[in-house]
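Engineer: Below: sequence and its predicted model.
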Amino acid sequence: MAKIIFPEDFIWGAATSSYQIEGAFNEDGKGESIWDRFSHTPGKIENGDTGDIACDHYHLYREDIELMKEIGIRSYRFSTSWPRILPEGKGRVNQKGLDFYKRLVDNLLKANIRPMITLYHWDLPQALQDKGGWTNRDTAKYFAEYARLMFEEFNGLVDLWVTHNEPWVVAFEGHAFGNHAPGTKDFKTALQVAHHLLLSHGMAVDIFREEDLPGEIGITLNLTPAYPAGDSEKDVKAASLLDDYINAWFLSPVFKGSYPEELHHIYEQNLGAFTTQPGDMDIISRDIDFLGINYYSRMVVRHKPGDNLFNAEVVKMEDRPSTEMGWEIYPQGLYDILVRVNKEYTDKPLYITENGAAFDDKLTEEGKIHDEKRINYLGDHFKQAYKALKDGVPLRGYYVWSLMDNFEWAYGYSKRFGLIYVDYENGNRRFLKDSALWYREVIEKGQVEA
Ligand SMILES: OC[C@@H]1[C@@H](O)[C@H](O)[C@@H](O)c2nc(CNc3ccccc3)cn21
């Protein structure tokens with residue numbers, strides 16, 4: 001491949017989320033979130049870790065912005081904590097909570113760093129969960145009102161808005177498998193939750209248009225391309241169904257206004273219909289300005305009769321390199337999913353809103369972290385993104401997950417994804433990893449070594 005030179009205006013960024021970095025879980029009037037409740041429930045999180053303090057970003061955000069400047073990122077994707085702003089999820093505004101995000105955005109703009117706000121990255125107000133959470137259609141309405149508040153408060157300051165982060169994870173990890181908050185385990189509930197999440201996305205888009213705001217609005221989906229383990233018809237079929245289950249189940253409603261037909265039929269036949277209302281699909285498929293794609297790895301799938309509704313199982317790729325999460329390192333999958341989304345779903349601009357890897361990072365006596373595996377992982381994925389760009393995919397930016405090590409959900413602090421090392425044991429000190437210094441060069445030159 002010839003020299004890899006990205007466009008001058010390519011938006012190089014890094015991403016985080018509120019519950020994973022902020023801490024101050026009950027400070028300055030913040031309401032309880034379902035992740036506060038879940039992490040305080042014994043047995044849910046590795047080592048009994050919680051987000052009570054996390055990276056203490058609520059107090060250290062100025063230092064963190066200085067580190068963003070040192071790395072040279074052009075944009076910072078973060079999420080706002082709904083219960084920090086609306087403690088009960090609706091009604092009363094917690095001004096101190098809102099003021100934190102005002103200070104954060106003001107300081108980002110002063111640092112010439114473009115904010116991208118994700119309105120929902122999993123930390124639902126517990127008060128709404130107590131009324132059914134995302135199983136209750138009213139939550140979609142309350143989300144849209146929270147979005148309206150944020151659009152109005154940050155009008156003219158923030159011009160990149162993401163409604164939801166990974167509705168698949170919220171629906172299935174949170175409501176089918178119980179690995180995430182609120183921890184219920186019912187597949188049909190997950191389908192109902194997915195529908196209400198998508199509905200709330202469309203309602204927020206309507207309000208964004210109504211408020212006639214400058215900027216762009218989109219949604220972020222975790223897209224994991226599925227590849228058949230063999231070329232048998234049954235393997236191909238199994239892969240196609242799992243691909244629909246994770247990817248098309250969300251891409252199709254947002255861009256085509258309908259759920260994938262065959263899978264919808266399988267669900268209805270086996271589980272009965274989840275509740276919808278006339279007009280829902282029109283709301284869900286309102287025109288958006290961009291799609292955010294979170295890519296980490298692929299799935300290799302083979303036919304397995306009777307194992308589940310899909311007659312499919314994911315094959316563990318033992319002989320392939322993988323990250324600390326056990327996810328196969330497969331950069332080609334990023335190219336494949338970018339091209340497929342652009343070809344089959346939308347010609348709207350795309351952002352890679354998350355891509356990164358957990359490795360066993362060690363802090364040396366000299367305060368260094370030699371994370372060459374992460375440099376190789378990111379470099380290989382940047383090359384695939386570049387290949388997609390050269391093949392005509394309207395890729396506008398790339399947000400590395402993550403700016404800093406943080407609370408990795410059910411894994412607690414045992415997994416490190418950051419460009420910045422966080423020394424949790426010693427006052428949450430921050431150290432730039434070698435990958436941060438490497439990323440700074442990539443951003444400065446707009447080039448990745450071939
Ligand atoms: O696991 C790394 C990150 C996580 O820290 C982010 O909050 C989240 O947006 C995120 N999504 C994925 C990919 N999808 C996924 C699938 C199953 C469980 C959890 C995440 C990875 N990550």
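Structural biologist: Thanks, I have it.
Engineer: Show me which residues of the stretch 301-450 of the chain are close to the ligand?
Structural biologist: Taking Cβ under 6 Å from any ligand atom as the contact definition, the stretch 301-450 of the chain meets the ligand at 354, 401, 408, 417. C-beta: built from backbone N, CA, C; applies to glycine.
Engineer: can you pull the contacts of residue 442?
Structural biologist: Residues in contact with residue 442 (Cβ atoms under 8 Å, 6 or more residues apart in numbering) are 12, 382, 448.
Engineer: Excluding residues flanking it in the chain, which one is nearest the second one?
Structural biologist: Pointing back at residue 382 there. Leaving aside its chain neighbours, residue 382 sits nearest to residue 448 (4.6 Å; criterion: Cβ to Cβ, 6 or more residues apart in numbering).
Engineer: can you pull the pLDDT of that neighbour?
Structural biologist: Per-residue pLDDT puts residue 448 at 94.
Engineer: Kindly report the same for residue 307.
Structural biologist: For residue 307, the model assigns a pLDDT of 78.
Engineer: Count the residues that sit near the closest residue to it other than its chain neighbours.
Structural biologist: Spatial nearest neighbour of residue 307, excluding adjacent residues (Cβ to Cβ, 6+ apart): residue 313 at 5.5 Å. A total of 17 residues lie near residue 313 under the criterion other Cβ atoms under 10 Å.
Engineer: in the sheet, who's paired with residue 313?
Structural biologist: Residue 313 has these beta-bridge partners by DSSP bridges: residue 302.
Engineer: quick one: contacts for residue 259?
Structural biologist: When contacts are counted by Cβ under 8 Å, 6+ apart, residue 259 touches 249, 252-253.
Engineer: brain fart, residue 286
Structural biologist: By Cβ under 8 Å, 6+ apart, the contact set of residue 286 is 202, 205-206, 209.
Engineer: for stretch 284-299, which positions count as buried?
Structural biologist: Of the residues in stretch 284-299, 284-286, 288, 290-299 count as buried by neighbour count, 16 or more other Cβ atoms under 10 Å.
Engineer: The ligand next: which of those residues are close?
Structural biologist: Contacts with the ligand within the buried residues of stretch 284-299, as defined by Cβ under 6 Å from any ligand atom: 294, 296.
Engineer: May I see the buried residues of stretch 284-299 organised as a markdown table, with secondary structure and pLDDT added?
Structural biologist: Formatted as a markdown table, those follow (DSSP: H, G, I helix; E, B strand; the rest coil; pLDDT from 0 to 100):
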| residue | secondary structure | pLDDT |
| --- | --- | --- |
| 284 | helix | 99 |
| 285 | coil | 99 |
| 286 | coil | 98 |
| 288 | coil | 98 |
| 290 | strand | 99 |
| 291 | strand | 99 |
| 292 | strand | 99 |
| 293 | strand | 99 |
| 294 | strand | 99 |
| 295 | coil | 99 |
| 296 | coil | 98 |
| 297 | coil | 98 |
| 298 | coil | 98 |
| 299 | strand | 98 |
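Engineer: any idea how far the single nearest residue of the stretch 101-250 of the chain relative to the ligand lies from residue 205?
Structural biologist: The ligand sits closest to residue 222 of the stretch 101-250 of the chain, with a gap of 4.1 Å, by Cβ to the nearest ligand atom. Distance from residue 222 to residue 205, counting by Cβ to Cβ, to the nearest Å: 20 Å.
Engineer: which stretches of the stretch 151-300 of the chain form strands?
Structural biologist: Remark: strands assigned in the stretch 151-300 of the chain by DSSP state E, counting those that start in this stretch are 160-165, 216-222, 226-228, 290-294, 299-303.
Engineer: out of those, deepest packed?
Structural biologist: Most buried of those by mean neighbour count (mean count of other Cβ atoms under 10 Å) is strand 160-165; its value is a mean of 26.
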